[in-house]
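S.K.: Pasting a predicted model and its sequence here:
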2 protein chains.
Amino acid sequence: MDRLREAVGPEACSNRTADLYTYGFDASIHHRTPDMVIQPRSTDQVSEVMRIAYQHGIPVVPRGGGTGLCGSAVPVQGGIVMDMSRMDSILEISVGDLCCVVEAGCVYQDLNDALAPHGFWFPPSPGSSDACQIGGMVAANASGMKAVKYGATRDYVLGLTFVKANGDVVKAGTRTLKDSSGYQLARLMVGSEGTLGIITDVTLKIAARPKTSAMVLAAFPDPEAAGRCVSAIIAKPLIPSSLELMDSVSIDAVNKALGNPLPDCKALCMIEVDGEPEIVEKELKIVEEVARSEGAITVEATHDRKAMNRWNNSRKAIMTSLAALRPGYSSVSLADDMVLPISKIPAAVVAYQRIAEKYDVTVATYGHAADGNLHTKMLLDPNDADSWQRGEKAVDEIFEATLALGGSVTGEHGVGISKAPNFHKERSSVIPTMVEIKKAMDPKNILNPGKLDQWEGSILRMLRYPCSEYQD
Amino acid sequence: MDRLREAVGPEACSNRTADLYTYGFDASIHHRTPDMVIQPRSTDQVSEVMRIAYQHGIPVVPRGGGTGLCGSAVPVQGGIVMDMSRMDSILEISVGDLCCVVEAGCVYQDLNDALAPHGFWFPPSPGSSDACQIGGMVAANASGMKAVKYGATRDYVLGLTFVKANGDVVKAGTRTLKDSSGYQLARLMVGSEGTLGIITDVTLKIAARPKTSAMVLAAFPDPEAAGRCVSAIIAKPLIPSSLELMDSVSIDAVNKALGNPLPDCKALCMIEVDGEPEIVEKELKIVEEVARSEGAITVEATHDRKAMNRWNNSRKAIMTSLAALRPGYSSVSLADDMVLPISKIPAAVVAYQRIAEKYDVTVATYGHAADGNLHTKMLLDPNDADSWQRGEKAVDEIFEATLALGGSVTGEHGVGISKAPNFHKERSSVIPTMVEIKKAMDPKNILNPGKLDQWEGSILRMLRYPCSEYQD
């Protein structure tokens, strides 16, 4: 403890009860209190902390904005939570070199605010834009609405600095737009969820901001028709800048919470096109035509920024609207982030609703349909063990259906705890190599231990909710 | 030997002298005869061969089209060359899912010919498009002229199957547009040059083909002005689909060999823009204006396909033109693939020419300037040890200048043998982790041993040329 205080200064090192409690959460269903919270200010400090932790075998869990939905930042074996939020500088923006360099704790939206005057951006657009940090985005390979056209975080990482379990500092990748100079360790760190090293700065490729955008809102009589619309747009080929699908549960929840901003229908597609004004105009027409020919009941198009914001806000309000839908129930993230071949979207939406009925749970399905990424939220009574049990069974079947359709358990949120058991099913051929790499890079297993392949048994452990059956 | 014949069938297994000699080369300066050539037809056969090789500790070097320029496919410790060219099927093209699945031996151009009727392509466009194979492209993170706008191979790999040193088959990544389901092993395999596993099939994201394109040819009085033009275009922001720079040596060589297809000048930029016709028109005008305002002597623009082909062919003719420039001399690939921050391109071109003068060697500099990737070719007398020695010193200084400017020794060709010593200098913080991963995944060091971090000493060993000083 004294050595850790010395390494980072006493003000950056806390074991006060309130801090420990707070840093035991992320946005998942899990909670576990760490033994200490450290807020480093430099790569050197991170390195020094890791040397001490390595020597004493203390678990260290790096933490970004705490917006993760599957428990990646929950310290399941206690130890140190390394909160990166004080390392939030934008170190460099170089339009001429098409890149920027930021510290890991830099908030996504802060970076985009700084890039905007130059006519550039870092496009992945996670739902938690205002709070999530670049380091966390890299650790989860985060993305969001814009990934179909602009790619996920992994497609923008040119280089990064990370600190290994033993404190060694590695400068991976480059400050150039490409490289084939040895193993792409920067890309290996993407999606590693803090289990291979602590990312301290990141060099990102930046993209030219689209000049303008427009949107279409198309209401469908069933999810199959909405799904056909997605495939037909892609097959044109026309790659929209975003294409959000909402099922009837999501639509109803938002309409109840916000006073009917959305058409009353069984499924809808919210489609955005962006770029040069002439192209936006042309693509908007194509999207409208496709939506109509695939059976849309109503099709609205707009260039008006206010109208687009209203639609986007309705979409973003799904999580909060669901939480208000049923008093005493919570909207939880369990099977929250499946990704499928685009063509399987309709089958998946239908399958998820059937499973919800079977287990008598309310499930809302929505997401970035054009890149195959579907979210579900589930309403559960957090105090009722039976509600959790039905939920867990539904989750397992949702994942089973996803894998049967050729999908994956997570597209942009990561595995953490919540997806670990089904991740085991999906990745049986990959896990032995993951274990080898983990062991080679973190031989004492101190970096975010107990997650991914290391989580054993049910996800109904270390819950943040006061359901006594599931407290450890 | 008998077990290997059994595993793949006698016709797919050769130790005839002519075969062994041929498969000792790639397009680099190196040669070493293997003990056997195996041409598998399935992942199962590759797995079976690896089990046998693992048991007996036999080196195995996977080989794609043999177009590599740095010796990645040369079997420096003998053993088996695994020629993937019979596994050349396109297994699936799914426009609806924005992806395709190919066997590793599929030739790049064959894939794009198959994608074209659907309006899609796999854009990286390496110079060896007609011969290079997708597996080799992944192993090298290959790219080419289009990478500035469309990215390198690493940005398209969604999933792949690879066979480990011990014969285990790993299905890495997904058939979905994104995933954050565990370590991104598919992306770790990118750029691993056959040292971590043998790639047998690859799932690639596909992109919508641009509808049309147009080009500008701008001649400059010096490389600095050409470099300023590159930066000014990017800063607009305008991301061209390709931007090739040629220095005076490259221009002279092509003009001599092909009868003056290019303007006689000190540096030129060949700039392509692509997309929807309206945008191409708009961007073409911007490019012309920028070129003029940055001091271009002449600026030509064209939409004519024949004229564009003529320009592109002049650019592609640099290698062969150089080879014809000085009788008895060979055009060799040594410092052939540096990548720099875009803004450092002019400084690099000037530095490389000074180094050429210092060591009295002819050096042509050209490349994909908008993504910072510069190639040099060197004319050496392959029978003259002194010529090689001056060449090697010049190469070391070219790499030194590149690293001092914040660049990397290789942008798209890989490290192999030719860049190993300078790769060591560039990657001192990365190599220990590479060694750990290599040891974990290939504990007997049988996969393409002796390359990258394992190459020791000068690159002037195992030369393909009859210079007795450098034969092992």
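M.R.: On my side now, so go ahead.

S.K.: who are the neighbours in contact with the spatially most central residue of chain A?
M.R.: Residue closest to the mean C-alpha point of chain A, counted by CA atoms, centre = their mean, is residue A:413 at 3.1 Å. By CB atoms under 8 Å, 6 or more residues apart in numbering or on different chains, the residues touching residue A:413 are A:68-70, A:140, A:142, A:333, A:336-337, B:180. The way it works is simple: take the backbone N, C-alpha and C, and place the C-beta from them, glycine included.

S.K.: What backbone torsions are found at residue A:207?
M.R.: For residue A:207, the backbone dihedrals (degrees, to the nearest 10) come out as phi -120, psi 150.

S.K.: Check whether it really touches residue A:123, as I assumed.
M.R.: Yes: Residue A:207 lies in contact with residue A:123 (CB atoms under 8 Å); the separation is 5.5 Å.

S.K.: Mind listing the shared neighbours of the two?
M.R.: With CB under 8 Å, 6+ apart, residue A:207 and residue A:123 have common neighbours A:150, A:156.

S.K.: Just want to know which of the two has more residues nearby.
M.R.: More crowded of residue A:207 and residue A:123, by other CB atoms under 10 Å in any protein chain shown: residue A:123, with 23 against 20.

S.K.: Quick check: the more buried one is in a strand.
M.R.: No: according to DSSP: H, G, I helix; E, B strand; the rest coil, residue A:123 belongs to no strand; its state is coil.

S.K.: which phi and psi does it have?
M.R.: Residue A:123 adopts backbone torsions of phi -80, psi -10, taken as degrees, to the nearest 10.

S.K.: ok now do the closest residue in space to it that isn't next to it in sequence, which residues does it touch?
M.R.: Nearest in space to residue A:123, with sequence neighbours left out and distances taken as CB to CB, 6 or more residues apart in numbering or on different chains, is residue A:150 at 3.7 Å. Counting by CB under 8 Å, 6+ apart, residue A:150 touches A:123-124, A:207, A:241.

S.K.: just those now: which is nearest residue A:196?
M.R.: Using CB to CB, residue A:124 is the member of the contacts of residue A:150 that lies nearest residue A:196, at 20.9 Å.

S.K.: Touching the longest helix seen in chain A from outside, list them.
M.R.: Secondary structure of chain A per DSSP state H: the longest helix is helix A:385-404. Helix A:385-404 is contacted by residues A:332, A:334-335, A:338, A:340, A:348, A:351-352, A:355-356, A:358-361, A:363, A:376, A:378, A:380-382, A:408-409, A:419, A:421-422, A:425-426, A:458-460, A:463, A:467, A:469-470 when judged by CB under 8 Å, 6+ apart.

S.K.: Can you pull the residues of the stretch 151-300 of chain A lying near chain B?
M.R.: For the stretch 151-300 of chain A, the residues in contact with chain B (CB under 8 Å from any CB of the partner chain) are A:151-152, A:154-155, A:164, A:168-172, A:174-185, A:187-188, A:190-192, A:196, A:208, A:231, A:234-235, A:237-239, A:275-276, A:278-279, A:282.

S.K.: Contacts only, for the residue nearest to the residue nearest to the centre of chain A when sequence neighbours are not counted.
M.R.: Distances taken as CB to CB, 6+ apart put residue A:337 closest to residue A:413, at 4.1 Å, once the chain neighbours are dropped. Going by CB under 8 Å, 6+ apart, residue A:337 touches A:69-70, A:373-375, A:409-413, A:419, B:180.
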